[in-house]
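Participant: got a sequence here, can you model it:
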Amino acid sequence: MNIYVLMKRTFDTEEKIFIKDGQISEEEAEFIINPYDEYAIEEAITLRDEHGGEVTVVTVGNEDSEKQLRTALAMGCDKAVLINIEEDLEEYDEYSTSKVLTQFFKDKQVDLILTGNVTIDGGSGQVGPRLAELMNIPYVTTVTGLQLNNNKVSIVRDIEGDEAHIEAALPLLITAQQGLNEPRYPSLPGIMKAKKKPLTELELDDLDIDEDDVSSKTKTLEIYLPAKKEAGKVLQGELKEQVAELVTYLHRDKKII
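Facilitator: Numbering: from 1, shown residues only. Okay, here's the model as predicted:
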């Protein structure tokens, strides 16, 4: 079985992020595998171990993404592919990425594609569904349970406080939601093996892609940090006095009413 995982290198949002010249400063940022993609990687490895086959992890990025690809290999993926777009990275949006990936998969025998439900930087959740539409294969999003039986897939899908049970057939694309599994940490033997596993680097020319055909359809106008939260205000006195104070505060200080 040919299993592919789409992975993205993202900022570690648990670390402090700095804005410089209207952009997130990469010099002071920490980068990780997008956490939702880790669920996809773990599920792909588990399915391969149970049913056989091969897991290939793919990313669209630049040479800095090699570290995260090696981490995925250390977790247990068999191969890695970097589609290197170099300095054009900031000009790419979900449309661009899905078009590039479609060309990559054009001559591939695909059984299952897994990716994270969203990325923690953009959070659009568009790349997976867009790719499936372009490849003309079915897809299921926000997956929290998955069982494979020959060519049939039994899926549990999170639907905001409830769940849906879906039956699908391969080939298929799914996006992994938190709760699907518990991603493993790379072991020392896994890290050593990852150094010898194949990591292929491709450029747009290798995929016969014209840059104009994958140009972004969206534009980022501004990037800024959230405003600092003000300290809370404690209302004093009896309930009637508190209500009066609150109304005065909202009217005079906050100009809300």
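Participant: remind me which helix or strand the closest residue to Thr102 other than its chain neighbours belongs to.
Facilitator: Spatial nearest neighbour of Thr102, chain neighbours left out: Leu134 (4.2 Å); criterion: CB to CB, 6 or more residues apart in numbering. In this view, the C-beta of every residue, glycine as well, is placed from N, C-alpha and C. Here Leu134 sits within helix 127-135, counting by DSSP states H and E.
Participant: could you name the helices and strands sitting against that helix?
Facilitator: With contacts defined as 3 or more CB pairs under 8 Å, 6 or more residues apart in numbering; DSSP states H and E, helix 127-135 has these neighbours: strand 2-6, helix 94-105, strand 112-116, strand 139-149, strand 172-176.
Participant: model confidence over that helix, on average?
Facilitator: Across helix 127-135, pLDDT averages out at 96.
Participant: ok, residues contacting that helix?
Facilitator: Taking contacts as CB atoms under 8 Å, 6 or more residues apart in numbering, the residues outside helix 127-135 that touch it are 6, 94-95, 97-99, 101-102, 105, 110, 113, 115, 117, 138-139, 141, 173-175.
Participant: restricted to buried residues, select those in ChimeraX.
Facilitator: Those of the contacts of helix 127-135 that count as buried under 16 or more other CB atoms under 10 Å are selected in ChimeraX with:
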select :6,94,95,97,98,99,101,102,105,110,113,115,117,138,139,141,173,174,175
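Participant: looking at the chain, which helix is longest?
Facilitator: Assignment by DSSP state H gives helix 35-51 as the longest helix of the chain.
Participant: could you export the helices and strands packed on helix 127-135 as TSV, including mean pLDDT and distance to Arg70?
Facilitator: Shown next, in TSV, are those (pLDDT from 0 to 100; distance: least, CB to CB, whole Å):
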stretch	mean pLDDT	distance to Arg70
strand 2-6	98	14
helix 94-105	95	20
strand 112-116	97	18
strand 139-149	96	26
strand 172-176	97	21
